[in-house]
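Q: Dropping the sequence and predicted coords here.
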Amino acid sequence: MEKKYILSIESSCDETSAAVVVDGREVLSNVIASQIDTHKKFGGVVPEVASRMHIEVISGVVEEALEEANVTLDQIDAIGVTYGPGLVGALLVGLQYAKGLAFATKKPLIGVNHIEGHICANYIQHKDLKPPFVSLVVSGGHTFIVHVKDYGEYEVIGQTRDDAAGEAYDKVARALGLGYPGGPKIDKLSKEGNPNAIEFPRAKFQEETLDFSFSGVKSAVLNYLNKCKMQNVEVNAADVAASFQKAVVDVLTENVLLTCKKRKVNKIAIAGGVASNSSLRENLIKVAGKKGIDVLFPDMILCTDNAAMIGSAAYYNFMNGKENNLSLNAKPNLKL
Ligand code: KG4
Ligand code: ZN
C-alpha cells in the first residue's frame, strides 16, 4: 500500500507544534515552539497569552515542519489537528489553521482527541506495539487509565475526580518555591530526599473504582508546610518532594496494575508529561516486572505535548475512515 503522509498540528495548551508523520509511526519532522518561558513568569499557563502566542508562530511552525521533512503540501495525504480537550482559545488557533489548509488544498481534515494523541506517542516510539494494552495517561490536565482494545477503540477505566497528577505536581512545586513547571523540579529534588519521611494520604474511594483523587495529597502537603511555618520548624524540601511523589506514584502504580489484572492485559504504555517522571517509570517497571507485565514509555520529547503524536493518531483515524468536515469545532471538554 502506498505510504500515507500526515501533516499534523497541535495547539491545545502552551506548545505550538506541527509535524509530518508517515504511516503513523515514522516522524519526518516534529517542530515544537514552547511558551513555557513566558508562562513561567505567571506561575502557570495564562489562556489569553497562550492563544496570542499560538497565532504569532503557527504559520512559521507549519512551514518549518514541511521544510524539515522535505515534503511539499502536495505530497500530504491528510491534515490532522487536535480539536480537544484543551484551552478553547488555544485549540481554535490550530484548528482554524488546519481547516484553512484543508480547504485551500482540498485535503481531508482529521480531528484528533489530544488524549488519544498522547497514547499514540507510544506507536512512534515502539514500532511493534499493537493493541490491546493498558495506557496510563498522566499530564498537566489529565489522568486516565485507558484500555486500548484496538486502534481507535478505547475504554476509560479510571480517571481523576479532581486535580490531574501533573497539576498536583505543579501546585506542590509552587508551594515549595520551585517554580513552573513543577514536575521535573520535584522529580529532581526527590532524588535527594527520603520518600518515607512523611506519610501523605493516598485517596481511597468506598466503592470499587479505579478513579484517582490528587487534591487530598496536595492539600496535605500545603497543610504540612503551613504547620511547619507556624511552629517555626525548618522544612526539608527534598523529603517533602520525595514523600509527595511516592504517594502519587504508589496510587498510579496500584490502579494501573489492578486494571491489567481485571482486563487480563500484560502490557502498559504510559503517556503524557508526567510519564517522563523517573520514579513512576522505575516503580512501574519494578512492580509490573514481577508480574510479567511489560512497561513501555516514549522519549521525553514525545511525552510532553507535540504534533507527531497527533499525526500518529490522525493516521489511524484516517485508516478507520474517520474524516471531519470544515464545520469541526473546538471541544474544550472532549471525552475519549
Ligand atoms: O502532557 P503535558 O506536556 O501537557 C498537558 O497536556 O497537560 O504535561 C505537562 C505536565 C506538567 O504538569 C509538568 O509538571 C508535568 O507534565 N511533568 C512532570 C515531569 N515532566 C513534566 N511531572 C512529573 N515528573 C516529571 N519529570
Ligand atoms: Zn498533553
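A: Cool, got the structure. Numbers count the residues shown, from 1 in each chain. Ligands and ions are numbered 1, 2, ... in the order given.

Q: Please determine how far whichever residue of the stretch 151-300 of the chain sits closest to ligand 2 is located from Val146.
A: As assessed by CB to the ion, ligand 2 sits closest to Gly272 within the stretch 151-300 of the chain, at 5.7 Å. Placement of C-beta: from N, CA and C, glycine included. Going from Gly272 to Val146 by CB to CB, to the nearest Å gives 11 Å.

Q: Which one's more surrounded, those two?
A: Legend: neighbour count by other CB atoms under 10 Å for Gly272 and Val146, higher for Gly272 (32 against 24).

Q: Next secondary structure after whichever strand or helix holds Val146?
A: Element membership for Val146 (DSSP states H and E) is strand 143-150. The C-terminal neighbour of strand 143-150 among helices and strands, as given by DSSP H and E, is strand 153-159.

Q: now for that following strand, which elements pack on it?
A: Judged by 3 or more CB pairs under 8 Å, 6 or more residues apart in numbering; DSSP states H and E, the packing partners of strand 153-159 are strand 143-150, helix 237-263.

Q: tell me which residues in that strand are buried?
A: By neighbour count on 16 or more other CB atoms under 10 Å, the buried set for strand 153-159 is 154, 157-159.

Q: wait, isn't Pro181 in contact with Asp170?
A: Yes - judged on CB atoms under 8 Å, Pro181 makes contact with Asp170 at a distance of 5.9 Å.

Q: what kind of secondary structure is Val295 in?
A: At Val295 the chain is in strand, as set by DSSP: H, G, I helix; E, B strand; the rest coil.

Q: So it versus Pro201, what's the distance?
A: From Val295 to Pro201 the distance is 26 Å (CB to CB).

Q: Break down the stretch 201-336 of the chain into its strands, ranges please.
A: Using DSSP state E, counting those that start in this stretch, the strands of the stretch 201-336 of the chain run over 267-271, 294-296.

Q: how about those in a markdown table, adding mean pLDDT?
A: Listed next are the strands of the stretch 201-336 of the chain as a markdown table, based on pLDDT from 0 to 100:
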| stretch | mean pLDDT |
| --- | --- |
| strand 267-271 | 98 |
| strand 294-296 | 98 |
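
Q: quick one on the thing from earlier: any idea which of the helices and strands packed on strand 153-159 gets closest to ligand 1?
A: Closest to ligand 1 of these, according to CB to the nearest ligand atom: helix 237-263, at 7.9 Å.
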